[in-house]
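Enquirer: I need the structure of the sequence given here:
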Amino acid sequence: MYLFLMRLINSVLVGLAALVGSSVPVMPAHAQSPQDIYVETPINGGDDTNDGIDPSTPIASVGKAILLIDGMYGPSTINLGNGIFNESLLGFTNFPVDIVGEGSDPSNPNNYTELNATILADAEMNIRDLASTGYSFGTGGFVSFGAGGSVTGCNFTEMGAIQANNNGEPVNIDDCTFGDMAEGVPAVYVESSGKSGGQTLTVTGSSFDNCSPAFRLGSGVNELNAGTDNMYLNCCDPIASAPYSVDTFVDLSGSYIECLEKSGEGTEGLCGPHPGITDLDRLEALVVGLPNTYFGETQRYPPRPRFAGDVAGDLDEDEIANYVDLDMDGDGFSNEEERAAGTDEYCFLDHPPEQEVPATSGLGLALGAVGLGALGAAYAGRRGKDSEAYSTEN
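Expert: The predicted structure follows:
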């Protein structure tokens, strides 16, 4: 109800602004194809007296972009330039809109866009390649989806939560990071009302760092698909919770989950302890009020490096993350071949038998001696690196 009232008030304010406070000319019909709108910080040439439809004449605020969309352009793509944009409540009520930044990694300031605001999206909204600390979780965190959409390649902290109250329209989150959320703020809050189909939320390839919880579920949510290649780091406890027990199907299979005890959560193998949690009882304790949760096989090693130089996320150190590496442990046998043979695809010491060189001459014996010596040296070096990579400091 609170979000509904906020959306209603915002719609009235936007309408009044369009009538009395805007210099935007009103056209009889909206553009038939999506319009690109360019927004830059004032230091980079942004000025709200510009038309915003060319990179050389950018406007300076998303608020002005909304007036252009509602008054002239209709469906649009808002291209945010490099820099930090501090706005407040942004209501998109009439047309589908994409918001595209230049990047979400703050360590790369030349390609970094930060939008600190609360977006109320009552039309389809797709957002990618930006960061946000949000504005107010009570009004929607960073974005509150009301009609479906997606978030891709973004980085969220503090109040930068995602809320979905879509009356059943799907929301997809991919390749995003969530961490250092404000106390009491979940990374993602989802509920549905008004449509019998219920809400479906799908999250893939994303990282949740010390989020408590990563997901909070309300009523009317059919499915939470939050397993495939997601990482839950530094003990997201709980990973998912529901204020009231609901029958939502929660799928966490294929995810990587670790807590404070990063080493020894899994079984001990030839290459050392597996850092990911695989014990079902321990996993079930990380979900509250959601009895219909499926873990399947959680990953024993992170699918991607968790921090710079993390060997656990790139086991053979070939600069190819585990989840896209066809031979994760670098032993010369593909992951598929190892699974078929019943050997450990995560450990270079455990692999299918190699073809033997006939020892009919001194060559076979010499190659064998060299191979054993190289294997021993590699094992000693790998164990030393693994011990450092699996420590609790990252």
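Enquirer: correct me, but residue 55 touches residue 38?
Expert: Yes. Between residue 55 and residue 38 there is a contact under CB atoms under 8 Å: 5.2 Å. (C-beta placed from N, C-alpha, C; glycine too.)
Enquirer: Please identify which of those two sits among more neighbours.
Expert: residue 38 (22 against 12; other CB atoms under 10 Å).
Enquirer: Now name the helix or strand holding that one.
Expert: If you go by DSSP states H and E, residue 38 is part of strand 35-39.
Enquirer: hang on, isn't residue 144 packed against residue 161?
Expert: No. With contacts counted by CB under 8 Å, residue 144 stays clear of residue 161, the gap being 9.0 Å.
Enquirer: Which residue ranges of the stretch 251-394 of the chain form strands?
Expert: 256-257, 268-269, 272-273, 287-288, 293-294 (DSSP state E, counting those that start in this stretch).
Enquirer: List the buried residues in stretch 331-347.
Expert: Going by neighbour count (16 or more other CB atoms under 10 Å), the buried part of stretch 331-347 is 331, 333, 337-338, 343-347.
Enquirer: between the residues you listed, which is nearest residue 284?
Expert: residue 346 (23.7 Å; CB to CB).
Enquirer: Can you tell me how far the closest one is from residue 302?
Expert: Per CB to CB, to the nearest Å, residue 346 is found 11 Å from residue 302.
Enquirer: Equivalent analysis for residue 257, please.
Expert: 10 Å.
Enquirer: give me the number of residues near residue 294?
Expert: If we define neighbours as other CB under 10 Å, then residue 294 has 10 of them.
Enquirer: Hmm, it is touching residue 249, no?
Expert: Yes. Between residue 294 and residue 249 there is a contact under CB under 8 Å: 7.2 Å.
Enquirer: Give me the mean pLDDT for the strand holding residue 38.
Expert: Here strand 35-39 scores 96 as its mean pLDDT.
Enquirer: helices or strands next to it in the packing?
Expert: Applying 3 or more CB pairs under 8 Å, 6 or more residues apart in numbering; DSSP states H and E, we find strand 35-39 packed against helix 62-68, strand 76-80.
Enquirer: Report all helices and strands that the helix or strand where residue 98 lies contacts.
Expert: Using DSSP H and E, residue 98 sits within strand 97-100. Applying 3+ CB pairs under 8 Å, 6+ apart, one finds that strand 97-100 makes contact with strand 76-80, strand 113-121, strand 125-128.
Enquirer: Please name every helix or strand in contact with the longest one.
Expert: Looking back up the chat, that one is strand 113-121. helix 2-20, strand 83-92, strand 97-100, strand 131-134, strand 143-145.
Enquirer: For it, C-alpha coordinates in PDB please.
Expert: Listed next in PDB are the C-alpha coordinates belonging to strand 113-121 (Å, rounded to 0.1, in the frame of the first residue of the first chain):
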ATOM      1  CA  THR A 113      28.400   5.500 -13.500                       C
ATOM      2  CA  GLU A 114      26.700   5.800 -10.100                       C
ATOM      3  CA  LEU A 115      23.000   6.600  -9.900                       C
ATOM      4  CA  ASN A 116      21.800   7.200  -6.300                       C
ATOM      5  CA  ALA A 117      18.000   7.400  -6.400                       C
ATOM      6  CA  THR A 118      14.800   5.400  -6.000                       C
ATOM      7  CA  ILE A 119      13.200   4.300  -9.300                       C
ATOM      8  CA  LEU A 120       9.500   3.500  -9.300                       C
ATOM      9  CA  ALA A 121       9.100   1.600 -12.600                       C
END
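Enquirer: from the chain's centre, how far out does it sit?
Expert: Relative to its parent chain, strand 113-121 has a centroid offset of 16 Å by CA atoms, centre = their mean, to the nearest Å.
Enquirer: Measure how that strand sits relative to strand 35-39, angle-wise.
Expert: Interaxial angle of strand 113-121 relative to strand 35-39 (axes from the mean of the first three to the mean of the last three CA atoms, to 10 degrees): 130 degrees.
Enquirer: How about residue 271, nearest residue that isn't a chain neighbour?
Expert: residue 347 (3.9 Å; CB to CB, 6 or more residues apart in numbering).
Enquirer: List the contacts of that neighbour.
Expert: Applying CB atoms under 8 Å, 6 or more residues apart in numbering, we find residue 347 in contact with 269-271, 329.
Enquirer: one step back: let me know the closest of the buried residues of stretch 331-347 to residue 324.
Expert: Using CB to CB, the buried residues of stretch 331-347 come closest to residue 324 at residue 345, 13.7 Å.
Enquirer: how distant is the helix or strand containing residue 156 from the center of its chain?
Expert: Per DSSP H and E, residue 156 falls inside strand 155-159. Distance, stretch centre to chain centre, for strand 155-159: 11 Å (CA atoms, centre = their mean).
Enquirer: What helices and strands are in contact with the helix or strand just after it?
Expert: Sequence-wise, the next helix or strand downstream of strand 155-159 (DSSP H and E) is strand 162-165. Judged by 3+ CB pairs under 8 Å, 6+ apart, the packing partners of strand 162-165 are strand 143-145, strand 171-174, strand 188-191, strand 199-204.
Enquirer: Could you tell me which residues touch both of residue 55 and residue 38?
Expert: Among the neighbours of residue 55, those also in contact with residue 38 (CB under 8 Å, 6+ apart) are residue 79.
Enquirer: The strand holding residue 98 - which strands sit beside it in the sheet, and in what orientation?
Expert: Sheet pairing for strand 97-100, assigned by DSSP bridges, gives strand 76-80 (parallel), strand 125-128 (parallel).
Enquirer: Name whatever forms a beta bridge with residue 216.
Expert: residue 189, residue 241.
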